[in-house]
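A.B. asks: below are the sequence and a predicted model for it; my questions follow.
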Amino acid sequence: MFTNLDLSNLSELLLYQQGSPLLFSSGLFLFLFLGFLTLYIALKRQTNWRILYVIAFSLYFYYKSSGLWFLLLIFTATSDFWIGHYMAKTAKDSIRKWLVTLSLCVNLGMLGYFKYTNFLIASIQNLVHEMGLFFSITSWTTIEPTASFSIFLPVGISFFTFQSLSYIIDVYRKRITPLDHWKDYLFYVSFFPQLVAGPIVRAIDFIPQIHKNPKVTKELFGEGLFLILCGLFKKAIISDYISLNFVDRIFDNPMLYTGFENLMGVYGYTLQIYCDFAGYSDMAIGIALLLGFRFNINFDAPYKSASITEFWRRWHISLSTWLKDYLYISLGGNRKGKARQYINLLITMLLGGLWHGASFRFILWGLWHGLNLAIHKMLMNLFPRIKAMGKDMTKLHRFVCILITFHIVCFGWIFFRASSMESAWQILSQIIYHFHPEIVTQFIEGYPVVVILFILGYILHFLPSQVDNWFKMRLTNAHLLVQAFVFVLLIVLVIQMKSAEVQPFIYFQF
C-alpha cells in the first residue's frame, strides 16, 4: 500500500500486469494521478483537448486492469453511440424497438459470454450427469460436470455495460437527447473514477457536466479530499486488515473454528464488504470531485436500515436504482397487482444476484433478498400501520427493526462470501451446534487489533450523519498544509497497518 512503488521498475510497472490492476489505494496510482492532474488543470479551459486527455488516461487506466481488452470498452462505446444516434433519427417505433433490442443483445451478449459461459456449460453438464444417474443411462453418467473454457473476465464489464445500457434505454424512452460526438460518449463510458467498480453513473446526470469548465472550489476540494481519506481508511485499514487477519481464515476453514468465531467471521465480512465497496465508491466520488465532476451518493450507512426495503435504498444505490428503473419497472413494477409485484421483486433480485457472479450462491443470495423484499411489501399491504410508522417509529422499535434487518443481511452475506455451498452450510452448522461462548475472552486476547477495528468500524458506521458533516467542514475549512498533513498521516498509518500486497477491491470480480 503506497510502499509498493519501485521507481527502478517503473517501465515494467507502467505496462499491463495480469492480476495487478491499477488501484486507487496503490502508490502507482498516486504517482500517475498527480502527474495527470497537473496537465488536467492546465487544460481546464481547452474543452476538446481536456476531453481527449481524460479519455486517453481512462483507457490507459483500463488497460492496466484488463490489457488489450480496453478495445472491448471502445467497441461498447462505439456500438451504443451509433445505436443511440440512429434511434434519434427515426420516429418509427418498430425501428426504435429493433435498435434498443440490438443494444441489449450486444451488451448482454458480451456480459453473458465473458461472465456466464463456463457457469452455463458446467450447469448443463451437471444436469446431464444427474439425469444419467436417475435414468441409469451409462453414456450420460460419463459426462463429468467440468467447464472446459478458459475465458478472461475483463474488469468492470458489469458496470460499463449497465452504464451504457442505461443511456440507450433513456434515449429510447426519450428521457435524454443522444450525444452528437463519439468522443463525448467515450468520455462518459470510460471516465476512470467510476470505470471498473462503479458507481453506475447515469447519462442524464453526467453528460451535462462534460463540456462545463471544471471549477473546483474550496468546498468541492475539501469534500473530495474528505471522501478520499474516508475511502482509504475504510479500505486500506479496516477492510484489508480484518480480511487478511481474520475473516479469510474463517471462511477458508470454518470447521477449524467454533460457532462464536464463525459468527464473528460473518460480522467481520459484513463490515469488510461495506468498508471495501463503500471505500472504493468514496474514493471514486472524491477523485471525480477533484476533477470538477459530481456523482450521486452510492452508500448511505446501509446497516442503519430498519427494513430490507430501506437497506436497498441505502446499499449500492446506483445498482439498486438501476435494477428498479430498468428491470423492475420494465417487468411491470407494482402496476399489475400485488401478486405480480412480489414476483417482479423476486425476478429482479434473482437477476441482481446473478449480476454479481456466475454461481448458485449468488442466485441464492439474490433469492434471499427478493423473498425478504416481497415479504416486507406483503406485510405493509396487509398492515398499513407498518407503512405509516416509517421514521415516526419509537427509538426502541427502530432499534429492534435495525437489529433484525442487520441479521437478515448478515445471513445473506454468508452465501455471498462462502467459497461453496458446503462451506456456507458448515458455517451455519458451527454457529448453531458448536457455538462455545466461553471462548469470548480467548478471542479478544487472540485478535486484539481485529476486535478494535470491529468496534471502531461499526461505531463510525452508526455515528449520526451530523458527525460526518462536522468533520467534513473542519477539513474543508482547514489550511492546505493541515489538509496535506492529514493526508500524509493517513498514508503513514496505512503503511504501518500493511501486512501484505495491495488487496484488490472485492467488486473488481463483478
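C.D. replies: Alright, I've got the coordinates. Nothing here was measured: the structure is a model prediction, and the numbers come from that model.

A.B. asks: what ranges does the stretch 201-350 of the chain have for its strands?
C.D. replies: Defined through DSSP state E, counting those that start in this stretch, the strands belonging to the stretch 201-350 of the chain form an empty list.

A.B. asks: distance check, Tyr269 against Ile414.
C.D. replies: 8 Å (CB to CB, to the nearest Å). Where C-beta positions appear, they are placed from N, C-alpha and C, glycine not excepted.

A.B. asks: can you check Ile204 too?
C.D. replies: Distance check for Ile204 against Ile414: by CB to CB, it reads 37 Å.

A.B. asks: one more: Ser166?
C.D. replies: 31 Å.

A.B. asks: and for Phe443?
C.D. replies: Shown here: Phe443 relative to Ile414, a distance of 19 Å by CB to CB.

A.B. asks: more neighbours, those two?
C.D. replies: A side-by-side neighbour count of Phe443 and Ile414, using other CB atoms under 10 Å, places Ile414 first with 25 against 19.

A.B. asks: spell out which helix or strand contains the nearest residue to the more buried one once chain neighbours are set aside, please.
C.D. replies: Spatial nearest neighbour of Ile414, excluding adjacent residues (CB to CB, 6 or more residues apart in numbering): Ala424 at 5.2 Å. Element membership of Ala424 [criterion: DSSP states H and E] is helix 421-433.

A.B. asks: what comes into contact with the helix or strand following that helix?
C.D. replies: Toward the C-terminus, helix 421-433 is succeeded by helix 440-446 as the next helix or strand (DSSP H and E). Outside of helix 440-446, the residues that reach it under the criterion CB atoms under 8 Å, 6 or more residues apart in numbering are 260-261, 264, 451.

A.B. asks: which of the residues in helix 440-446 are buried?
C.D. replies: Within helix 440-446, the residues that count as buried by 16 or more other CB atoms under 10 Å are Phe443.

A.B. asks: what mean pLDDT does the helix or strand that it is followed by get?
C.D. replies: Later in the chain than helix 440-446, the nearest helix or strand by DSSP H and E is helix 448-462. For helix 448-462, mean pLDDT is 95.

A.B. asks: which secondary structure elements does helix 448-462 contact?
C.D. replies: Counting contacts by 3 or more CB pairs under 8 Å, 6 or more residues apart in numbering; DSSP states H and E, the secondary-structure elements packed against helix 448-462 are helix 240-242, helix 259-290.

A.B. asks: wait, which of the ones you listed is closest to Asp184?
C.D. replies: The minimum distance between Asp184 and those falls on helix 259-290, with 16.7 Å, by CB to CB.

A.B. asks: now that closest one and helix 448-462, what's the angle there?
C.D. replies: Computed by axes from the mean of the first three to the mean of the last three CA atoms, to 10 degrees, the angle separating helix 259-290 from helix 448-462 equals 60 degrees.

A.B. asks: check which helices and strands helix 259-290 sits against.
C.D. replies: Where contact means 3+ CB pairs under 8 Å, 6+ apart, helix 259-290 is packed against helix 218-232, helix 240-242, helix 248-252, helix 395-417, helix 421-433, helix 440-446, helix 448-462.

A.B. asks: where in this structure is pLDDT low?
C.D. replies: Low-confidence segments of the chain, defined by pLDDT under 70: 1-11, 122-123, 125-149, 385-392, 498-510.

A.B. asks: can you give the domain ranges for it?
C.D. replies: Here the chain is described, according to automatic domain parsing, as comprising the domains 45-213, 216-302+420-505, 307-392.

A.B. asks: CSV for those domains, including distance to Phe36?
C.D. replies: Putting the domains of the chain into CSV (distance: least, CB to CB, whole Å) gives the following:
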stretch, distance to Phe36
domain 45-213, 5
domain 216-302+420-505, 9
domain 307-392, 24
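
A.B. asks: contacting residues for Leu289?
C.D. replies: Under the criterion of CB under 8 Å, 6+ apart, the contact partners of Leu289 comprise 216, 220-221, 223-224, 227.

A.B. asks: tally of neighbours for the residue nearest to Ile414?
C.D. replies: The local packing of Ala424 (other CB under 10 Å) involves 20 other residues.

A.B. asks: number the chain from 714, please
C.D. replies: Sounds good: first residue 714 from here, last item Ala1137.

A.B. asks: dump the residue contacts of it.
C.D. replies: For Ala1137, the contact set (CB under 8 Å, 6+ apart) comprises 1074, 1127-1128, 1131.

A.B. asks: using the three-state scheme, assign Leu735.
C.D. replies: In the three-state summary, Leu735 is assigned as coil, counting by DSSP: H, G, I helix; E, B strand; the rest coil.

A.B. asks: surely it touches Ser771?
C.D. replies: No: with contacts defined as CB atoms under 8 Å, Leu735 does not count as touching Ser771, sitting 11.1 Å away.

A.B. asks: most neighbours among the contacts of helix 1153-1159, please name it.
C.D. replies: Counting by other CB under 10 Å, Glu974 has the largest number of neighbours within the contacts of helix 1153-1159, with 25 neighbours.

A.B. asks: skipping adjacent residues, who's closest to Asn1057 in space?
C.D. replies: What sits nearest to Asn1057 in space, not counting adjacent residues and going by CB to CB, 6+ apart, is Leu1044, at 4.4 Å.

A.B. asks: and the one you found, what does it touch?
C.D. replies: Contacts were defined as CB under 8 Å, 6+ apart; by that measure Leu1044 touches 1057, 1060-1061.

A.B. asks: switch to 10 Å and redo it
C.D. replies: Residues in contact with Leu1044 (CB atoms under 10 Å, 6 or more residues apart in numbering) are 1053-1054, 1056-1058, 1060-1061, 1064.

A.B. asks: in CSV, list the residues you listed along with distance to Leu1194 and neighbour count.
C.D. replies: CSV is the format used below for these (distance: CB to CB, whole Å; neighbours: other CB atoms under 10 Å):
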residue, distance to Leu1194, neighbour count
Arg1053, 60, 14
Gln1054, 56, 21
Ile1056, 59, 16
Asn1057, 55, 22
Leu1058, 52, 26
Ile1060, 55, 15
Thr1061, 50, 24
Leu1064, 50, 16
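
A.B. asks: let me know the closest of those to Phe1119.
C.D. replies: Looking at these and their distance to Phe1119, the nearest is Leu1058, at 20.5 Å (CB to CB).

A.B. asks: quick one: the closest one from His1082, how far?
C.D. replies: For Leu1058, the distance to His1082 under the criterion CB to CB works out to 9 Å.

A.B. asks: tell me the one among the contacts of helix 1153-1159 nearest to Ser739.
C.D. replies: Distance to Ser739 across the contacts of helix 1153-1159 (CB to CB) is lowest for Val1164, with 28.2 Å.

A.B. asks: thought that closest one was touching Tyr954?
C.D. replies: No: assessed by CB atoms under 10 Å, Val1164 is found out of contact with Tyr954, at 11.6 Å.

A.B. asks: for Ile1076, what is the enclosing helix or strand?
C.D. replies: Taking DSSP H and E as the definition, Ile1076 sits inside helix 1073-1095.

A.B. asks: just the angle between that helix and helix 1108-1130, please?
C.D. replies: Our comparison of helix 1073-1095 with helix 1108-1130, counting by the same axes, to 10 degrees, yields an angle of 150 degrees.

A.B. asks: helices or strands up against helix 1073-1095?
C.D. replies: helix 806-848, helix 1021-1027, helix 1051-1069, helix 1097-1102, helix 1108-1130, helix 1134-1146 (3 or more CB pairs under 10 Å, 6 or more residues apart in numbering; DSSP states H and E).

A.B. asks: residues of it that come out buried?
C.D. replies: 1073-1087, 1089-1090, 1093.

A.B. asks: tell me the contacts of Gly1083?
C.D. replies: Listed by CB under 10 Å, 6+ apart, the contact set of Gly1083 reads 1021, 1055-1066.

A.B. asks: how far off helix 1108-1130 does the helix holding Ala1137 point, in degrees?
C.D. replies: If you take the same axes, to 10 degrees, helix 1134-1146 sits at 140 degrees to helix 1108-1130.

A.B. asks: list the buried ones in helix 1134-1146?
C.D. replies: Taking 16+ other CB under 10 Å as the basis for neighbour counts, the residues of helix 1134-1146 that come out buried are 1136-1137, 1139-1141, 1143-1144.
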